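[1] coords please:
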Amino acid sequence: MTFGQKIYNVVNHVFDAFAWGVRIILVFITLLISLQVFLRAVFDYSIHWSEEVSLIAFIYITFFAMAIALRYDMHLRVELFVSRLPKTGRKAVEFFDNLVLLLISISMVYTGVKLTVYGVASIMPATRWPTSIIYLPTPIAGIMCCLQQVFRLIGIAHSDVADNYIKGAFEE
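    Prediction:
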C-alpha cells in the first residue's frame with residue numbers, strides 16, 4: 001500500500017465520521033426543535049438559544065453533507081452533449097470537472113478561513129458564542145473536498161459513476 005493510499009484510507013475514516021456527525025446533528029436538531037415546540041405550546045416557555053443553535057447545526061449539516069456527496073460523486077452532470085463525445089473526450093470533461101471542483105474547494109477553504117477569523121471578534125446574542133462557529137464548517141468541508149478531488153485527479157480515488165460515465169453507459 002502506497003503512502004497516498006494510506007492517506008486516502010485515513011481520509012475515508014474522516015468522511016465516515018462526518019457521516020455519523022451529520023446523523024447525530026440531525027437527531028439533535030429534531031429533538032431540540034420538538035422540545036422547543038412542546039415547551040412553547042404546553043408551558044408557554046421558550047428556550048432562548050434554541051433557534052440560534054438549530055441554525056448553526058443546520059449549517060454544519062449542509063456543508064458536511066456537501067463534502068460527503070462529493071465523496072460519493074453525487075454532484076450533477078449534464079450528459080446530453082458529453083455522452084456524444086468519444087471516450088477520450090468524456091475523460092477530458094471528467095478531468096476538467098474534477099479540476100473545477102478542486103478550484104471551488106480551494107476557494108471554500110480560503111474564504112472560509114477568512115470568514116472564521118473575522119467572526120472571532122463578534123458574539124452571537126443568545127448563546128454568546130463567537131460568530132466564527134457559523135463559518136467554521138466552510139473551511140473544514142473545503143479541506144475534505146480538496147483532498148477527495150486531489151485523490152481523484154491523481155488516480156487514487158475512483159468513482160463508479162464517473163467510470164460508467166466515461167465508458168458511455170449513460171448513452172441514449
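
[2] C-alpha only now, for contacts and for neighbours.
    Will do.

[3] On the three-state scheme, Arg128 is what?
    Assigned with DSSP: H, G, I helix; E, B strand; the rest coil, Arg128 falls in the coil class.

[4] Compute the number of surrounding residues for it.
    Other residues within reach of Arg128, judged by other CA atoms under 10 Å, total 10.

[5] Now do it against Tyr8, distance only.
    In this structure, Arg128 and Tyr8 are separated by 38 Å, where distance is defined by CA to CA, to the nearest Å.

[6] can you check Thr30 too?
    When Thr30 is compared with Tyr8 (using CA to CA), they lie 33 Å apart.

[7] okay, these two: which has more neighbours?
    In this comparison of Thr30 against Tyr8, neighbours counted by other CA under 10 Å, the higher total goes to Tyr8 at 17 against 13.

[8] Tell me the predicted confidence for Phe170.
    Among the per-residue scores, Phe170 shows a pLDDT of 57.

[9] should've said Ile143
    Per-residue confidence at Ile143 stands at 95 (pLDDT).

[10] Ok, Asp163 next?
    Asp163 is assigned a predicted lDDT (pLDDT) of 69.

[11] repeat for Ile166
    Listed pLDDT for Ile166 reads 70.

[12] How about it: what's its closest non-neighbour residue?
    Using CA to CA, 6 or more residues apart in numbering and skipping residues adjacent in sequence, the residue nearest Ile166 is Arg90, 5.3 Å away.

[13] Point me to the helix or strand that includes the one you found.
    Under the assignment given by DSSP states H and E, the secondary-structure element containing Arg90 is helix 87-119.

[14] Which strands or helices does that helix pack on?
    In terms of contact count using 3 or more CA pairs under 8 Å, 6 or more residues apart in numbering; DSSP states H and E, helix 87-119 is assigned the packing partners helix 132-135, helix 137-153, helix 160-167.

[15] So what's the residue count around Leu31?
    Tallying neighbours of Leu31 according to other CA under 10 Å, which is how burial is gauged here, yields 12.

[16] any idea which helix or strand comes after whichever strand or helix holds it?
    Under the criterion DSSP H and E, the helix or strand holding Leu31 is helix 3-43. The first helix or strand that comes after helix 3-43 along the chain, using DSSP H and E, is helix 50-71.

[17] Check which helices and strands that next one sits against.
    helix 3-43, helix 132-135, helix 137-153.

[18] Great, nothing more from me.
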